[in-house]
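**Student:** Need coordinates for the following:
(one chain, ligands or ions: 2)
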Amino acid sequence: MRKSIATVSVSGTLAEKLTAISAAGFDGVEIFENDLLVSPLSPEEVRARAGDLGLGIDLYQPFRDFEAVPGDVLARNLRRAERKFELMERLGATLLLVCSSVSPDAVDDDELAAEQLRLLAERAAEHGIRIAYEALAWGRHVNEYLHAWRIVRMAGHPNLGTCLDSFHILSRGSDPIGIEAIPGDRVFFLQLADAPLLAMDVLQWSRHYRCFPGQGTFDLAGLVSHVLDTGYAGPLSLEVFNDGFRQAEAGRTALDAMRSLIALEEATAQRRAATPPIASPSTASPSIPRPVIPPPVIPSGFAFAELSVPGDDTSELGGLLAALGFVCTGTHAHKPVELWEQGEARILLNATGDGPALAAIGLESPDPAGSVRRAESLLSPVLPRHRAPRDARLDAIAAPDGTELFFCRTEHPDHSSWTDDFEPRAAGEPVAGGITHIDHVALTQPRHHFDEAALFYRTVLGLRPQESLEVPDPYGLLRSKAMSTGDGAVRMVLNINQVGAQHIPWQHIALACDDIVATARRLGAVHPELLLAVPTNYYDDLAARYDVPPELRELGLLYDRDEHGEFLHLYTITAGRVFFELVQRVGGYQGYGAANAPVRLAAQHARVGHAWEGDASQGHASRGHTSQGQRSSRMNATPVGPTVEPHDLAATRSRRR
Ligand code: MG
Ligand code: MG
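**Tutor:** Numbers count the residues shown, from 1 in each chain. Ligands and ions are numbered 1, 2, ... in the order given. Purely as a prediction, here's the structure:
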């Protein structure tokens with residue numbers, strides 16, 4: 001189907017918006033009046049620019065507070081409309097959005113509204129313009145889409161139709177099944193926006209929290225399906241007012257928008273395949289979108305996690321891995337990359353980058369080429385690989401935060417394995433670390449890109465999102481969303497710093513243990529300095545809530561439970577942006593210990609300090625913490641922000657020396 005987007009949905013000047021929208025592959029735009037008013041481009045120039053970019057101007061909007069008014073106001077409103085018609089002729093736009101009135105001048109009189117809209121449609125027709133009348137959810141007298149349609153029908157003018165807007169329909173809880181009563185040729189336009197479920201004033205909800213399809217909670221595939229059942233053949237157009245998108249880079253937002261529409265088309269087609277429309281003589285042959293994008297290839301596990309380390313020194317993270325019981329089993333044939341293994345958990349240390357930071361994730365895919373085709377069809381950048389002729393083929397894409405995702409088949413007979421690129425290394429004395437595999441990976445997302453990342457992992461990898469959680473941080477608030485495959489083989493946690501700009505974008509790799517008590521006991525005995533300290537208050541509270549063994553306190557283990565089972569975990573200190581978590585799921589526990597995340601964040605902040613704390617922070621680290629939690633004095637003088645990477649582990653080591 002034709003795909004459009006309102007210029008208000010992306011940031012920038014009108015010229016920048018048009019460029020970004022075109023680059024993302026849209027067919028058309030809705031010109032939002034304010035974007036034109038503030039533009040130095042004349043309407044003719046905007047028309048030419050859009051034309052050069054291959055964009056049609058599908059709609060001009062909004063025209064407000066027109067209908068059901070006294071005669072003198074009507075005369076004024078018609079004069080105002082004439083000006084807009086002239087402007088639209090210069091723009092080359094032929095469809096005007098008229099929203100239901102919010103004016104105190106308007107009266108509750110459908111016949112009057114219909115009569116005046118008919119007059120408007122007659123005037124519009126003289127300019128070759130059509131009017132799409134939309135019920136705003138907060139319209140004064142008209143706020144339901146079927147009410148707007150009744151008025152349009154009553155007016156009975158061919159140049160007057162209705163505009164359906166998913167936000168206005170679904171935010172009021174209206175049943176979209178009623179859409180099927182509207183003839184498709186009377187639906188002049190379809191605007192789409194999703195939104196998170198929020199209990200707030202609907203106007204504020206609409207103006208600040210709309211998001212792209214698939215990023216909220218509305219059933220947009222169901223709504224679009226009803227619209228297609230009417231025979232509607234116009235564009236799917238995104239109209240999204242969102243505080244984040246207003247600030248984010250336009251090109252990226254436009255791509256995110258297009259990805260959401262491609263995924264919506266796919267979801268709608270699946271919905272319609274599952275429930276074919278009932279053929280009726282009154283229904284024009286409905287256009288069923290048949291997207292040809294390849295199906296998702298669900299990953300079956302983590303193949304590896306790759307950490308970049310600065311310079312060519314892997315000793316720091318290597319030391320941490322060795323303490324956890326990992327063994328360096330191989331070195332890449334011609335790159336400074338080490339392979340560390342324990343059970344099925346594999347960590348690569350790549351000494352060519354910055355960091356330490358998590359640079360890449362290897363995912364086991366039953367069809368690596370299919371995984372890449374899926375990603376490509378959803379506009380994800382496929383990464384070029386610089387590889388030697390003998391290297392294993394590796395298919396990789398970039399996630400929205402820049403993390404590289406590799407699709408692998410590790411040591412599978414039908415597929416070359418990335419592990420073949422590593423020359424085996426004489427292993428030293430192995431330590432029984434008790435680690436079996438990677439349980440989950442947690443990534444902090446860049447500002448304003450949380451919803452984009454969630455949509456990416458859901459659509460590209462087929463991960464199922466869980467509810468968003470808010471996690472208190474001593475200096476802000478984190479938003480966190482876990483996503484996983486149905487079988488839990490791949491689990492990812494996306495975090496974003498919702499409030500408080502100075503949060504460190506920590507990343508962590510959670511390693512599953514088969515006996516975390518034994519692992520914690522060994523680590524505590526040999527390397528207590530590597531474990532993040534947990535305050536005594538935590539255990540006092542835990543003992544009040546649960547009947548847990550006293551050794552949790554002694555070993556510094558955190559505890560959580562849900563209706564399926566129990567969760568035991570602990571954290572290491574950080575190296576750069578990265579730390580490790582050791583976890584043991586007992587029974588069918590589904591969560592990630594989010595209830596304990598505030599304890600971790602407080603302990604981490606206590607170690608690295610804060611730029612604005614000054615000397616007053618001195619007491620912060622010691623209060624309620626053991627000696628392990630002592631802050632690194634080096635960090636006191638360093639401003640902490642997303643670009644600063646506290647070198648916690650190095651500081652610990654230098655203290656020990
Ligand atoms: Mg709208
Ligand atoms: Mg975790």
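**Student:** list the contacts for the residue in the stretch 301-450 of the chain positioned nearest to ligand 1?
**Tutor:** For the stretch 301-450 of the chain and ligand 1, the shortest gap (C-beta to the ion) falls at residue 448, measuring 22.5 Å. C-beta: built from backbone N, CA, C; applies to glycine. Counting by C-beta atoms under 8 Å, 6 or more residues apart in numbering, residue 448 touches 244-245, 247-248.
**Student:** so it sits in a helix?
**Tutor:** No: secondary structure of residue 448 (DSSP: H, G, I helix; E, B strand; the rest coil): coil, not part of a helix.
**Student:** Name the SS class of residue 199, please.
**Tutor:** Recorded secondary structure, residue 199: coil (three-state DSSP).
**Student:** Which helix or strand in this structure has the lowest average pLDDT?
**Tutor:** Here the helix or strand of the chain ranked lowest by mean pLDDT, DSSP states H and E is helix 633-636, holding a mean of 28.
**Student:** middle-most residue in this protein, spatially?
**Tutor:** residue 451 (2.2 Å; C-alpha atoms, centre = their mean).
**Student:** my guess is it contacts residue 244, does it?
**Tutor:** Yes: when contacts are counted by C-beta atoms under 8 Å, residue 451 is listed as touching residue 244 (7.4 Å).
**Student:** Would you map the helices across the stretch 201-350 of the chain?
**Tutor:** Along the stretch 201-350 of the chain, the stretches classed as helices by DSSP state H, counting those that start in this stretch are 202-209, 220-229, 243-247, 250-274, 315-323.
**Student:** mean confidence for the third one?
**Tutor:** Across helix 243-247, pLDDT averages out at 87.
**Student:** Buried residues of that helix, list them for me.
**Tutor:** By neighbour count on 16 or more other C-beta atoms under 10 Å, the buried set for helix 243-247 is 244-246.
**Student:** Then the fourth one?
**Tutor:** Judged by neighbour count (16+ other C-beta under 10 Å), helix 250-274 contains these buried residues: 250-269, 272.
**Student:** cool, and stretch 93-103?
**Tutor:** In stretch 93-103, counting by 16+ other C-beta under 10 Å, buried: 93-102.
**Student:** Looking at these, which are in strands?
**Tutor:** Under the assignment DSSP state E, the buried residues of stretch 93-103 contribute 95-99 to strands.
**Student:** filter the residues you listed down to the ones near ligand 1?
**Tutor:** Near ligand 1, taking C-beta under 5 Å from the ion as the test, no member of those is found.
**Student:** Tabulate the residues you listed in JSON lines, adding columns for distance to ligand 2 and pLDDT.
**Tutor:** Formatted as JSON lines, these follow (distance: C-beta to the ion, whole Å; pLDDT from 0 to 100):
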{"residue": "95", "distance to ligand 2": "50", "pLDDT": "98"}
{"residue": "96", "distance to ligand 2": "51", "pLDDT": "98"}
{"residue": "97", "distance to ligand 2": "46", "pLDDT": "98"}
{"residue": "98", "distance to ligand 2": "51", "pLDDT": "98"}
{"residue": "99", "distance to ligand 2": "46", "pLDDT": "98"}
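**Student:** Quickly run through the sheet partners of the host helix or strand of residue 438, with directions.
**Tutor:** According to DSSP states H and E, residue 438 maps onto strand 435-444. Strand 435-444 has the following strand partners under DSSP bridges: strand 491-499 (parallel), strand 507-513 (antiparallel).
**Student:** Now do that strand, average pLDDT.
**Tutor:** Per-residue scores along strand 435-444 average to 96.
**Student:** about what we covered before: on the three-state scheme, the residue nearest to the centre of the chain is what?
**Tutor:** Residue 451 - assigned by three-state DSSP - is helix.
**Student:** got a pLDDT number for the closest residue to it other than its chain neighbours?
**Tutor:** Excluding its sequence neighbours, the residue lying closest to residue 451 (C-beta to C-beta, 6 or more residues apart in numbering) is residue 215, at 4.1 Å. Residue 215 is assigned a predicted lDDT (pLDDT) of 94.
**Student:** Show me the shaky parts of the stretch 351-500 of the chain.
**Tutor:** 386-390, 427-431, 500 (pLDDT under 70).
**Student:** at 80 what do you get?
**Tutor:** The model of the stretch 351-500 of the chain has pLDDT under 80 over residues 353, 385-394, 426-433, 498-500.
**Student:** All the helices of it, residue numbers only.
**Tutor:** Along the stretch 351-500 of the chain, counting by DSSP H, counting those that start in this stretch, helices occupy 368-377, 450-460.
**Student:** Adding distance to residue 74, write the ones you listed out as CSV.
**Tutor:** Shown next, in CSV, are the helices of the stretch 351-500 of the chain (distance: least, C-beta to C-beta, whole Å):
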stretch, distance to residue 74
helix 368-377, 51
helix 450-460, 42
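**Student:** okay, those helices, which one's buried deepest?
**Tutor:** Highest mean neighbour count of these: helix 450-460, a mean of 24 (counted as mean count of other C-beta atoms under 10 Å).
**Student:** Would you pull up how far it lies from the middle of the chain?
**Tutor:** Helix 450-460 sits 4 Å away from the centroid of its parent chain (C-alpha atoms, centre = their mean, to the nearest Å).
**Student:** quick one: that helix to strand 491-499, angle?
**Tutor:** 160 degrees (axes from the mean of the first three to the mean of the last three C-alpha atoms, to 10 degrees).
**Student:** Check which helices and strands helix 450-460 sits against.
**Tutor:** Contacts defined by 3 or more C-beta pairs under 8 Å, 6 or more residues apart in numbering; DSSP states H and E place helix 450-460 against helix 250-274, strand 464-473, strand 476-484, strand 491-499.
**Student:** What sits closest to the residue in the stretch 201-350 of the chain that ligand 2 sits nearest to if chain neighbours are left out?
**Tutor:** Closest to ligand 2 within the stretch 201-350 of the chain is residue 305: 13.0 Å, counting by C-beta to the ion. Among residues not flanking residue 305 along the chain, residue 509 sits closest, at 5.0 Å (C-beta to C-beta, 6+ apart).
**Student:** same check, this time on residue 169
**Tutor:** Distances taken as C-beta to C-beta, 6+ apart put residue 145 closest to residue 169, at 5.1 Å, once the chain neighbours are dropped.
**Student:** per-residue pLDDT, that neighbour?
**Tutor:** Model confidence at residue 145, given as pLDDT, is 98.
**Student:** With that, I have no additional questions.
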